[in-house]
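J.: sequence unknown, structure follows:
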């Protein structure tokens, strides 16, 4: 699939991995809908790249429908990149008692249910596309995390939500194969995103040093390069790719 002239939705596109992906898609001729809760930042990025911003809570059906509708106004919706997510940290039992159920539920709703909500709505629209010469009608990319495999202390909710994204990758790909729609997942390691930059500098430095090679934080550009390859390589389907510099997370 070629990016130029195609329409893409990027959730969480106002910052971090999503912003890097939105900028990559626009730079390669794609038309981008940024679906995010950060209205001011999202509108600014959309204006810079010639895209469209839609305020979107991915876990809400109506918001997802609005993002897809905005994409269809721009042309042929051929891609969705799910980067929206939250990462609270809380122990199963901590000093103040058991893990808050509301925190666990919200994390799963945003990261897992939100990803599926956008996938199902975008895939429905893509299934109506005239296929490309390869028979392809669209590509879906979601964001998991290495925490899906090596979740650290305090990451029960986050790891569960990302493990769900990993677990649904193959069955969704199989569901959509007859429609010519691919489904892939990227599992980033330690990346320099707004969530991580909120940590103390010494913590950031220690995390970067823990990556075997290259011993640095991943960047939105690293993520965007892989997203581009997935979009353009139609043999990639139903798989989770770790993008992590060979890191395996320790318990803490």
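T.: Arrived safely. Everything numeric here is computed off the predicted structure, so don't read it as measured data. Residues are numbered from 1 along each chain as shown.
J.: Could I get the full set of helices for the chain?
T.: 16-27, 39-49, 61-74, 101-108, 114-126, 147-150, 156-176, 194-197, 201-209, 220-232 (DSSP state H).
J.: nearest to residue 251, of the ones you listed?
T.: Of all the helices of the chain, helix 147-150 sits nearest to residue 251, with 8.8 Å by C-beta to C-beta. Where you see a C-beta, it was placed from the backbone N, CA and C, and this is true even at glycine.
J.: What's the mean pLDDT across that closest one?
T.: Across helix 147-150, pLDDT averages out at 96.
J.: Can you give the distance of that helix from its chain's centre?
T.: Centroid separation between helix 147-150 and its chain, computed with C-alpha atoms, centre = their mean, to the nearest Å, is 16 Å.
J.: do stretch 208-222 as well
T.: Distance of stretch 208-222 from its chain centroid, counting by C-alpha atoms, centre = their mean, is 18 Å.
J.: for stretch 236-249, same thing?
T.: The chain centroid and the centroid of stretch 236-249 are separated by 13 Å under C-alpha atoms, centre = their mean.
J.: That one: end-to-end distance?
T.: 26 Å (C-alpha to C-alpha, to the nearest Å).
J.: Please identify the buried residues of that stretch?
T.: Neighbour-count burial for stretch 236-249, counted by 16 or more other C-beta atoms under 10 Å, picks out 236-238, 240-245, 247, 249.
J.: and what of stretch 165-185?
T.: 165-166, 168-169, 172-173, 176, 179-185.
J.: Same question for stretch 21-37.
T.: 21-26, 30-37.
J.: Could you check how far the closest residue to residue 170 other than its chain neighbours is from residue 194?
T.: What sits nearest to residue 170 in space, not counting adjacent residues and going by C-beta to C-beta, 6 or more residues apart in numbering, is residue 238, at 4.6 Å. To residue 194, residue 238 is 30 Å away according to C-beta to C-beta, to the nearest Å.
J.: With residue 170 instead?
T.: With distances taken as C-beta to C-beta, residue 170 is found 30 Å from residue 194.
J.: Low-confidence bits of the stretch 51-200 of the chain, can you list those?
T.: By pLDDT under 70, the low-scoring segments of the stretch 51-200 of the chain are 195.
J.: I'd like the buried residues of stretch 236-249 laid out as TSV, including distance to residue 108 and pLDDT.
T.: Formatted as TSV, the buried residues of stretch 236-249 follow (distance: C-beta to C-beta, whole Å; pLDDT from 0 to 100):
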residue	distance to residue 108	pLDDT
236	27	98
237	25	98
238	23	98
240	18	98
241	23	98
242	22	98
243	23	98
244	23	97
245	28	97
247	24	95
249	20	89
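J.: before we move on, the earlier item: tell me which of the helices of the chain lies nearest to residue 136.
T.: Short answer: helix 114-126, nearest of the helices of the chain by C-beta to C-beta, at 9.4 Å.
J.: Now that closest one: buried residues?
T.: Neighbour-count burial for helix 114-126 [16+ other C-beta under 10 Å]: 114-119, 121-123, 125-126.
J.: Go ahead and confirm residue 184 touches residue 144.
T.: No. Judged on C-beta atoms under 8 Å, residue 184 makes no contact with residue 144 at a distance of 10.4 Å.
J.: what sits in contact with each of these two?
T.: 169, 240 (C-beta atoms under 8 Å, 6 or more residues apart in numbering).
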